[in-house]
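*Asks:* Here is a sequence with its predicted model. Questions after.
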Amino acid sequence: MGTLLRETDRHAERIMVMVKNGTHEPGNDAIMRSWSRCVNEYRLHPDRPRTPSVIDRAALESRCERKADVIDCARYEMTTLYQQLADADLAVLLTDTDGVIIHMVSSPAFSAEVAPLGLRTGGLWSEAEAGTNGMGTCIAAAAPVAIRREDHFFTQFSNLTCSAVPVYDPSGEIAAVLDVSSRSKQMQQHLLVLLGMTARMIENRLIDQRFRNAHPLHFHSRPEFVYTLHEGKLAVDDEGHILAANRSALFQLGLQSMDEIRSRRIEDLFQTSLEDMLQRSMSSSFHPVVTYRANAALRFFAVARRPASSATANVHPISATAAAALVNPTPLPERRSPHRPAALRAVSPSRATFKDQRLLAHLETARRVIARQTPVLLWGETGSGKEVFARATHDASPHADGAFVAVNCASLPETLIESELFGYRAGAFTGAQRSGRRGKILQADGGTLFLDEIADMPLELQARLLRVLDERQVTPLGTEDTQPVDFQLISGSHQNLPALVREGRFREDLYYRLAGIELELPALRERSDKRELIHDMLKAESGGDSRLSADAERLLMDYPWPGNIRQLRHVLRSASALADGQAITREHLPALILHPAPMSAHAHVPAQVAMSCDTPAGAEEDAPQPVKLNPIQANERQVLLQMLEQHRWNVSNVAKALDVSRNTLYRKLHKLHIEVSHPE
Ligand SMILES: Nc1ncnc2c1ncn2[C@@H]1O[C@H](COP(=O)(O)OP(=O)(O)OP(=O)(O)O)[C@@H](O)[C@H]1O
């Protein structure tokens, strides 16, 4: 207690002396000005802390209502930021312009810990109330601020480090403040940059949301920045008058504020008209077209679109590809609607079925995150569609025009993974192709690299991959030449990577590098679009001339599908061949579907079970100890055992049925502790 008092006294004295003498510590101007406001304007005293103020529920509700569209636009971006920061001891906060917290994203434990300080929705953090602090000082200074522990005016907050940035509305006024408050002792340098990026995303969404009836015009002086966070964005009415602009638009056009642009026409800014831009954008499939600044030789690349609110906005052949999704970003409220967002209809590659709401939300997340150059890690059972999902994400990304290169780390012998990924020069090793080989990473330059079953990447290659991701350059085997490379990264795994990290089998730093965001894909049995998927796939497999009897459909709907969509495809393929144009009935379905074994509920599968075929009676004492498998592996193991039984333990036939190589299957069997007596 005594120590605490002494600390408070010392802190108070330091502030009062510095304010009185007008002392400036280098780089501390914003803090000094805030302390001075606290003492001279708000008449606060650092050794007389106040009880945190929290407004009542009704008042909070009415404030939230007034800022409903800002909260809607911020909610998703705040969650993404929280996931990116990957720290349980922090909160991402949004306040209104009076400093009242109107939205908060944090872990339950951290929320409970900081609630007594007033760090909760309804908490009032204006400077006048809480002294120098991230949110209040950002509002007072109308600028980004970072307030480290003892920079706070009151010692009760000196365990917190806060960074905050203003969020502007389309009229150029501050609409809210976005803040990250944590227990961290270190100020994370990149935090203000990340916060600034998030604020821009929110601002762009606000323009989309408030000007749904206007034509969006995207532009940048470099074509690759159109449709990114850095683009200039204008909302234009039918007559070509500018209604709103984002900060980047003002900056690129050399303007200071919205007042200089509001109600001016497109022709006043560029050497084009709205009609001309719309025409040219349509005929270029919404790829950026060249235009020039009015009265200047400055070149821009721009795209104009019909208003998002018009039902057939921007209909064009390109809508079959996911690039259309990018030109039509979906505001949050649409995403929450029970109907499928238009943008995501376009995300699906032509034959994939994506009607499950969770999957759609994930696609939308992946699409937005990858556009920010953030790696995506997909987690899902085998055959659940990770690669199909990754391709859909690529098709909807800014790199859609580049290649989509998939590498399955589990299907390659360990010795080949390195050359396959990094490439090699001619004659780099025995057996190398004479001409050398361009590795998959370089093939993905300008596009997307999908590393499936990343958990199977050997440890030493994990280090090399990490270096490529950090340095963005590759050195093919047998050379010293480094080549720059630019790709989006998606990885997939059915294994629990954090568990592998704990066991020392997967590098922790690589895991964090890959998991910019982690998305869990639902298993087929959990998907709400299971029925549609079954029918769509049957149509594709039978060329449209098979149908299901009600009984067969019920069996397929009830089956737990441990092998997921891949297993479904094989069942439908063989059933439609057997039915030969007739309706598929239960007779055409494998015994496995008619008498499904219960899904294993435990993560523990005794290895002995797997070896029951080979273990002589009475050998139990020598049997290996039970092996720990996670639930997904346990289910996988069960389905493989059933398939092996069905195919009389013929590994080649099982590999054929699963559409994988025998090598892959052997490695999988080995991993799942299934021993086969006669490896072929
Ligand atoms: N949404 C979908 N619509 C139609 N078919 C799909 C869909 N998702 C996956 N499939 C099909 O299911 C099979 C398995 O898909 P995919 O290879 O993407 O799964 P995966 O999770 O990557 O598998 P693995 O765990 O073996 O890497 C493929 O034949 C694919 O075409």
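*Replies:* Sure, I can see it.
*Asks:* Give me the number of neighbouring residues for the residue of the stretch 351-500 of the chain found nearest the ligand.
*Replies:* Here the stretch 351-500 of the chain gets closest to the ligand at one residue, Gly385, 2.8 Å apart by Cβ to the nearest ligand atom. C-betas here are computed from N, CA, C, even on glycine. Number of residues near Gly385 (other Cβ atoms under 10 Å) recorded here: 26.
*Asks:* May I have the secondary structure class of the residue nearest to it when sequence neighbours are not counted?
*Replies:* Distances taken as Cβ to Cβ, 6 or more residues apart in numbering place Ile565 nearest to Gly385, at 5.3 Å, with adjacent residues excluded. The three-state assignment at Ile565 reads helix, by DSSP: H, G, I helix; E, B strand; the rest coil.
*Asks:* ok, Ile565 touching Glu381?
*Replies:* No. Distance between Ile565 and Glu381: 9.9 Å, which falls outside the contact criterion (Cβ atoms under 8 Å).
*Asks:* quick one, domains of this protein?
*Replies:* 57-199, 211-315, 327-520, 524-594, 604-671 (automatic domain parsing).
*Asks:* among those domains, which gets the worst mean confidence?
*Replies:* Averaging pLDDT over each of these singles out domain 604-671 as the lowest, with a mean of 58.
*Asks:* ok so, going back, can I get the domains of the chain in a markdown table including distance to Asn40?
*Replies:* Below are the domains of the chain laid out as a markdown table (distance: least, Cβ to Cβ, whole Å):
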| stretch | distance to Asn40 |
| --- | --- |
| domain 57-199 | 12 |
| domain 211-315 | 30 |
| domain 327-520 | 42 |
| domain 524-594 | 60 |
| domain 604-671 | 61 |
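*Asks:* Out of the ones you listed, flag the one nearest Val39.
*Replies:* domain 57-199 (8.7 Å; Cβ to Cβ).
*Asks:* if we can go back for a sec, so what's the residue of the stretch 351-500 of the chain closest to the ligand up against?
*Replies:* Contact analysis of Gly385 by Cβ atoms under 8 Å, 6 or more residues apart in numbering lists Ala352, Leu521, Asn564, Ile565.
*Asks:* can you list contacts of stretch 221-235?
*Replies:* Outside stretch 221-235, the residues touching it (Cβ under 8 Å, 6+ apart) are 170, 197, 200-201, 204, 207, 210-211, 214-220, 242-246, 248-253, 266, 288, 298-303, 326-327, 371-372, 398.
*Asks:* let me redo that: stretch 107-125
*Replies:* 52-57, 59-60, 88-91, 93, 95, 98-104, 106, 130, 133-136, 156-157, 160, 181.
*Asks:* Roughly how far does the residue of the stretch 351-500 of the chain closest to the ligand sit from Leu360?
*Replies:* 13 Å (Cβ to Cβ, to the nearest Å).
*Asks:* And stretch 453-471, what's buried?
*Replies:* Glu453, Ile454, Ala455, Asp456, Met457, Leu461, Gln462, Arg464, Leu465, Leu466, Val468, Leu469 (16 or more other Cβ atoms under 10 Å).
*Asks:* returning to that earlier point: nearest to Gly446, of the contacts of Gly385?
*Replies:* For those, the closest approach to Gly446 (Cβ to Cβ) belongs to Ala352, at 23.5 Å.
*Asks:* measure that closest one to Thr382 for me?
*Replies:* For Ala352 relative to Thr382 (Cβ to Cβ), the value is 17 Å.
*Asks:* swap in Lys440?
*Replies:* Relative to Thr382, and taking Cβ to Cβ, Lys440 is found at 21 Å.
*Asks:* Report the buried residues of stretch 54-72.
*Replies:* Counting neighbours by 16+ other Cβ under 10 Å, stretch 54-72 gives Val54, Ile55, Leu60, Arg63, Cys64, Lys67, Asp69, Val70, Ile71, Asp72 as buried.
*Asks:* Now do that stretch: distance to the chain's middle.
*Replies:* Stretch 54-72 sits 28 Å away from the centroid of its parent chain (Cα atoms, centre = their mean, to the nearest Å).
*Asks:* what distance separates the start and the end of it?
*Replies:* Its first and final residues considered, stretch 54-72 spans 22 Å by Cα to Cα, to the nearest Å.
*Asks:* which residues are contacting it?
*Replies:* Contacts for stretch 54-72 (Cβ under 8 Å, 6+ apart): 94, 96, 98, 100, 102-103, 118, 120-124, 167, 169, 175-176, 202, 206, 209-210, 331-333.
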